[in-house]
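Chemist: No letters, just coordinates:
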């Protein structure tokens, strides 16, 4: 499914544009596609950061049961593969 796109003006310094153009050429894509990927990566990273923040807050509100943590450690030690 093709999504509608809007043209957005972004100001970049010459060095950054040159680096993007080189990378785009080596990947066989366009500068615009790299910018779209970069924007999506920033949004994804922020979403993950928010989820991590929520998880840490949940553990502060309700810490893990020490017995459960100890059992998990014991199980991990018993099942770790021999490298």
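Modeler: Structure's in. What do you need? Computed from a prediction, not measured in an experiment: that's the story for all the values here.
Chemist: burial measure for residue 21, as a count.
Modeler: Applying other C-beta atoms under 10 Å, we find 13 residues neighbouring residue 21. Heads up, the C-betas are built off the backbone N, CA and C, glycines and all.
Chemist: show me the contacts for it.
Modeler: residue 31 (C-beta atoms under 8 Å, 6 or more residues apart in numbering).
Chemist: Distance of it relative to residue 68?
Modeler: To residue 68, residue 21 is 53 Å away according to C-beta to C-beta, to the nearest Å.
Chemist: do residue 7 as well
Modeler: As defined by C-beta to C-beta, residue 7 lies at a distance of 53 Å from residue 68.
Chemist: Likewise for residue 19?
Modeler: Using C-beta to C-beta, residue 19 is found at 48 Å from residue 68.
Chemist: Neighbour count for the two, which is higher?
Modeler: In this view residue 19 and residue 68 are compared by other C-beta under 10 Å, and residue 19 has more residues nearby, 13 against 9.
Chemist: Next up, phi/psi of the more buried one, please.
Modeler: Main-chain torsions, residue 19, degrees, to the nearest 10: phi -60, psi -40.
Chemist: what's the spacing between residue 77 and residue 70?
Modeler: Counting by C-beta to C-beta, the gap from residue 77 to residue 70 is 11 Å.
Chemist: Actually, residue 58.
Modeler: From residue 58 across to residue 70, the span is 20 Å (C-beta to C-beta).
Chemist: Mind checking what secondary structure residue 71 has?
Modeler: Using DSSP: H, G, I helix; E, B strand; the rest coil, the structure places residue 71 in helix.
Chemist: oh, I was asking about residue 82
Modeler: Under three-state DSSP, the three-state class of residue 82 is coil.
Chemist: burial measure for residue 57, as a count.
Modeler: Residue 57 has 10 nearby residues by other C-beta under 10 Å.
Chemist: actually residue 32, not the one I wrote
Modeler: Residue 32 has 12 neighbouring residues, counting by other C-beta under 10 Å.
Chemist: Remind me what the helix or strand encompassing it packs against, helices and strands.
Modeler: Here residue 32 is covered by helix 31-61, with elements defined by DSSP states H and E. Judged by 3 or more C-beta pairs under 8 Å, 6 or more residues apart in numbering; DSSP states H and E, helix 31-61 is in contact with helix 14-27.
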